[in-house]
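Q: here you go, sequence then predicted model.
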Amino acid sequence: MNLDGYQQAAARTGGPVKVDHAIVYPTLGLTNEAGEVAGKVKKIFRDRNGVVTDADRADLVLEMGDVLWYLAELCTQLGVSLDDVAEANLEKLRGRVERGTLSGDGDHR
């Protein structure tokens with residue numbers, strides 16, 4: 001499956017949530033799920049010195065799937081393609097590699 005196919009399938013699984021703007025719910029969901037990923041990683045280091053178990057990996061896959069779903073939904077609400085977002089990101093990073101600006105601050109380096 002490609003990202004656009006995923007995005008279209010994900011859009012069929014959501015329901016309307018009453019908010020003042022269509023991008024609010026997926027944005028809040030995205031940050032919440034990303035926080036859940038971070039929390040699971042934190043506990044791997046806190047509790048097991050960074051040793052990732054098969055159960056950890058399976059749990060992270062589920063949470064990362066939720067991150068992907070909310071990102072796809074945000075793209076849908078903005079009218080942009082998840083494939084285009086991924087390609088633009090790779091192009092941005094390729095440019096930073098070519099200019100030697102991978103480290104540092106700022107969106108436009």
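A: Good, I have the coordinates.

Q: what helices or strands is the helix or strand where Trp69 lies leaning on?
A: According to DSSP states H and E, Trp69 maps onto helix 54-78. If contacts are counted by 3 or more C-beta pairs under 8 Å, 6 or more residues apart in numbering; DSSP states H and E, helix 54-78 sits against helix 3-11, helix 24-48, helix 82-99. The way it works is simple: take the backbone N, C-alpha and C, and place the C-beta from them, glycine included.

Q: count of neighbours near Leu78?
A: Counted by other C-beta atoms under 10 Å, the residues lying close to Leu78 total 12.

Q: what's the closest non-adjacent residue to it?
A: Ile23 (6.4 Å; C-beta to C-beta, 6 or more residues apart in numbering).

Q: so the one you found versus Leu90, what's the distance?
A: 23 Å (C-beta to C-beta, to the nearest Å).

Q: compare these two (neighbour count), which wins?
A: Per other C-beta under 10 Å, whichever of Ile23 and Leu90 has more neighbours is Ile23, with 14 against 10.

Q: pLDDT weak spots in this structure?
A: For the chain, residues meeting the criterion pLDDT under 70 lie at 109.

Q: name the nearest residue to Leu93, ignoring sequence neighbours.
A: Closest residue to Leu93 apart from its sequence neighbours, by C-beta to C-beta, 6+ apart: Leu102 at 7.5 Å.
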